[in-house]
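Enquirer: no sequence on this one, just coordinates:
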């Protein structure tokens, strides 16, 4: 029998979570017991401990895969529990309401200048001071730029261990999950914190500047687990099936369209993973010699001095992938009176849905002028994609 099929005593700890705590884990995952945050915390710690203590090699890959999948499933349940406990708003312990065309979250360690930045670019009044944890609640502000209303949240500073709940970290990170864009911020004296913040976000299930794994999962009523992939994987089909089972799948067709690591495969099954674009900002750059600005893909600015602010606004616009189109009423000639901000990947159908669901249901075609039109007033289907400056009359 291949080594990967057995769990030898010297490879897997005798006090395995898979054996000792199996029943309680099943009850917690299935919802048969009323959980508490302590239940989740203890269970997560136990699984993480076993993962650390199990040496990783070919003989234990299958076992570790099961543990990681189970850990992800428990964290999914923990997140669902937190949402229900906070009233279902998606913002954990903070009540946040999204307004405008897009939502941006400023996230970083205490006292890196987030409050100064939001005060510089929006109508917010976030308290500023030279000591840690000045911001103890979420402060919203609204930035108007190129006709777009971009809502910006200044969050309390996060610290190491935030993903585990330290410093109200879970509450802070739960707000980040519902944003359209993260601004991960530090200052010139603590540039190394950028990497640590990304690590905290990753631990909390937030994937930064990454695409969702190309895995299609179709549930079936019978037939077991069937795996389709034209790409040779470094993970055995047995392990993939075990991971699917950990997430409650007994019958399904799983199509894998890219080569995946064990972690990215688990991400594909997890319901609590979110994928967000991010901008990295280093504040207080006025104190830095231009020659020392060595970090790549980082925007340097000084919120206090107002340096780099316009570049920052443009970076928000570009990363949010926004564009402006113009709506033309049925009885009007083409004009630029009614602009609307949408995503660049929107179709005309998406634009109609932005107006209202009832409106979109009644429209089947549109006439367009300007960019994207082969000739003025071209009649197109609602599958046509928007272009910056396009004028649209729905029919």
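Expert: That came through fine. In this text, all values refer to a predicted model and were calculated from it rather than measured experimentally.
Enquirer: ok now stretch 378-395, how far from the chain's centre?
Expert: Offset of stretch 378-395 from its chain centre (C-alpha atoms, centre = their mean, to the nearest Å): 30 Å.
Enquirer: all helices for the stretch 51-200 of the chain, in order.
Expert: 61-85, 114-121, 169-177, 193-203 (DSSP state H, counting those that start in this stretch).
Enquirer: residue 319 against residue 182, yeah?
Expert: No - in this structure, residue 319 is not within contact of residue 182 by C-beta atoms under 8 Å, at 9.7 Å. For the C-beta atoms, the positions are set from N, CA and C on the backbone; glycine is no exception.
Enquirer: overlap of the contact sets of these two?
Expert: Shared contacts of residue 319 and residue 182 (C-beta atoms under 8 Å, 6 or more residues apart in numbering): 277, 279.
Enquirer: who has more neighbours out of these two?
Expert: A count of neighbours by other C-beta atoms under 10 Å puts residue 182 above the other of residue 319 and residue 182, at 26 against 18.
Enquirer: report pLDDT for the closest residue to the more buried one other than its chain neighbours.
Expert: In space, and not counting its chain neighbours, residue 182 is closest to residue 278: 4.2 Å by C-beta to C-beta, 6 or more residues apart in numbering. Confidence at residue 278, expressed as pLDDT, is 96.
Enquirer: looking at the helices of the stretch 51-200 of the chain, which is closest to residue 105?
Expert: Of all the helices of the stretch 51-200 of the chain, helix 169-177 sits nearest to residue 105, with 5.0 Å by C-beta to C-beta.
Enquirer: that closest one vs helix 61-85, what angle?
Expert: Orientation check (axes from the mean of the first three to the mean of the last three C-alpha atoms, to 10 degrees): helix 169-177 against helix 61-85 gives 90 degrees.
Enquirer: could you give the separation of helix 169-177 from the chain centroid?
Expert: Distance of helix 169-177 from the chain centroid (C-alpha atoms, centre = their mean) equals 11 Å.
Enquirer: so who does the residue nearest to residue 276 when sequence neighbours are not counted touch?
Expert: Counting by C-beta to C-beta, 6+ apart, the nearest residue to residue 276 once its immediate chain neighbours are dropped is residue 182, at 5.4 Å. Residues near residue 182 by C-beta under 8 Å, 6+ apart: 104, 105, 107, 176, 201, 206, 208, 276, 277, 278, 279.
Enquirer: and the pLDDT for residue 182?
Expert: pLDDT at residue 182 comes out at 96.
Enquirer: picking that back up, save the helices of the stretch 51-200 of the chain as CSV, and put in mean neighbour count, mean pLDDT and distance to residue 149 too.
Expert: Converted to CSV, those look like this (neighbours: other C-beta atoms under 10 Å; pLDDT from 0 to 100; distance: least, C-beta to C-beta, whole Å):
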stretch, mean neighbour count, mean pLDDT, distance to residue 149
helix 61-85, 19, 77, 27
helix 114-121, 23, 91, 13
helix 169-177, 22, 75, 19
helix 193-203, 18, 89, 26
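Enquirer: mind listing what's buried in stretch 216-225?
Expert: residue 225 (16 or more other C-beta atoms under 10 Å).
Enquirer: span of stretch 338-352 from start to end?
Expert: Stretch 338-352 stretches 14 Å from its first residue to its last (C-alpha to C-alpha, to the nearest Å).
Enquirer: could you do stretch 366-373 as well?
Expert: For stretch 366-373, the separation between the terminal residues is 11 Å (C-alpha to C-alpha).
Enquirer: same check on stretch 248-259?
Expert: End-to-end for stretch 248-259, by C-alpha to C-alpha: 23 Å.
Enquirer: where's that stretch relative to the chain centroid, distance-wise?
Expert: 22 Å.
Enquirer: before we move on, what about stretch 237-250?
Expert: 24 Å.
Enquirer: any regions of the stretch 251-395 of the chain where pLDDT drops low?
Expert: Applying pLDDT under 70 to the stretch 251-395 of the chain flags residues 294.
Enquirer: just the helices from it, written as ranges.
Expert: 262-269, 309-320, 348-355, 357-362.
Enquirer: coming back round to it: how far away is the residue nearest to residue 182 from residue 179?
Expert: For residue 278, the distance to residue 179 equals 10 Å [C-beta to C-beta, to the nearest Å].
Enquirer: over to residue 217?
Expert: Taken as C-beta to C-beta, the span from residue 217 to residue 179 is 26 Å.
Enquirer: same question for residue 395.
Expert: 36 Å.
Enquirer: those two: which is more packed in?
Expert: Set residue 395 next to residue 179 and count neighbours by other C-beta under 10 Å: residue 179 wins out with 25 against 12.
Enquirer: quick one: contacts for the more buried one?
Expert: 103, 104, 105, 153, 276.
Enquirer: so which two of those are the farthest from each other?
Expert: Based on C-beta to C-beta, the longest span within the contacts of residue 179 runs between 153 and 276 and measures 13.3 Å.
Enquirer: which of these two has more neighbours?
Expert: residue 153 (26 against 18).
Enquirer: ok, that one touching residue 139?
Expert: Yes - between residue 153 and residue 139 there is a contact at 7.0 Å, judged by C-beta under 8 Å.
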